[in-house]
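**Student:** predicted model follows, preceded by the sequence.
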Amino acid sequence: MKRIGILGGTFDPPHLGHLLIAEEVRVSLGLEEIWFIPTYTPPHKDYSKTSAQHRLKMLDIATSSNDYFKVNTIEIERSGKSYTLDTMKELRKNFPENQFYFIIGADMVEYLPHWYKIEELVELVQFVGVKRAGYGLETDYPITEVDIPMIDISSSMLRNRLRNDKPTKYIVPEEVILYIREKGLYEKRERN
Ligand SMILES: Nc1ncnc2c1ncn2[C@@H]1O[C@H](COP(=O)(O)OP(=O)(O)OP(=O)(O)O)[C@@H](O)[C@H]1O
Ligand SMILES: O=C(O)c1ccc[n+]([C@@H]2O[C@H](COP(=O)([O-])O)[C@@H](O)[C@H]2O)c1
């Protein structure tokens with residue numbers, strides 16, 4: 001049996017917070033791999049302005065230096081809105097030998113009561129919660145808590161910094177910044 005961590009996200013853009021929590025959980029729980037699964041349309045956000053192709057490319061770049069990190073495109077291929085329940089059902093069918101651990105930050109732990117068919121979902125997957133500034137890990141749902149160094153970084157903070165020409169060094173991998181600059185993403189007026 002293979003024990004696999006999953007980090008689902010919008011990754012608009014991916015940042016060092018994503019990489020740090022993935023690596024901390026991998027080592028702490030002794031997982032064999034972490035699969036990053038970018039959403040096509042996030043189930044509970046009414047945007048993402050950045051195309052799935054750009055977000056996928058940035059995630060490929062961000063994860064490429066870690067051999068344990070893989071990017072899985074199941075939700076992008078399905079397109080539209082993907083609920084985690086549907087994704088996990090499909091992954092369990094395609095990889096019956098794997099045991100999956102779905103990593104979420106404390107903001108998503110607080111949001112768990114609103115997840116689609118959460119009672120059914122908690123039977124299919126083990127949630128792993130990590131702390132995040134401004135949110136708590138208390139929940140009625142079964143989650144495994146992994147202690148990580150708290151890192152107060154978010155994609156929205158990064159988008160703001162990029163739009164306002166503020167520093168992004170040590171918040172996001174340099175190679176991701178090069179891609180963002182090359183494609184003109186997150187500018188006040190975006191190029192194509
Ligand atoms: N700094 C962080 N600490 C802990 N968890 C995080 C952190 N950043 C992201 N996560 C978690 O990673 C997952 C994917 O997050 P997502 O791609 O939406 O990034 P985000 O920074 O939360 O984006 P946004 O600011 O646009 O909402 C979520 O479970 C989220 O809670
Ligand atoms: O299935 C749901 O109802 C659901 C509700 C909220 C979030 N999620 C998943 O949680 C992951 C993090 O979401 P987000 O929006 O913070 O990037 C991502 O994989 C989402 O698909 C899933």
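**Tutor:** Done, it's in. Numbering: from 1, shown residues only. Ligands and ions are numbered 1, 2, ... in the order given.
**Student:** measure residue 64 to residue 159 for me?
**Tutor:** The gap separating residue 64 from residue 159 is 22 Å, by C-beta to C-beta, to the nearest Å. Where C-beta positions appear, they are placed from N, C-alpha and C, glycine not excepted.
**Student:** of these two, give the one with the bigger neighbour count.
**Tutor:** residue 159 (17 against 12; other C-beta atoms under 10 Å).
**Student:** that one is in contact with residue 185, isn't it?
**Tutor:** No: assessed by C-beta atoms under 8 Å, residue 159 is found out of contact with residue 185, at 9.0 Å.
**Student:** any common contacting residues for these two?
**Tutor:** residue 13 (C-beta atoms under 8 Å, 6 or more residues apart in numbering).
**Student:** would you map the strands across this structure?
**Tutor:** 2-9, 33-38, 69-71, 98-105, 126-130, 143-145 (DSSP state E).
**Student:** residue of this structure closest to ligand 1, please.
**Tutor:** Nearest residue of the chain to ligand 1 (C-beta to the nearest ligand atom) works out as residue 105 at 2.3 Å.
**Student:** count of neighbours near that residue?
**Tutor:** 22.
**Student:** same thing with the one 4 residues further on?
**Tutor:** Here the count is done by other C-beta under 10 Å, and residue 109 has 22 residues near it.
**Student:** could you measure from it over to residue 188?
**Tutor:** Taking C-beta to C-beta, one finds residue 109 at 34 Å from residue 188.
**Student:** likewise residue 9?
**Tutor:** With C-beta to C-beta as the criterion, residue 9 and residue 188 are 25 Å apart.
**Student:** beta partners for residue 4?
**Tutor:** Applying DSSP bridges to residue 4 yields these beta-bridge partners: residue 33, residue 100.
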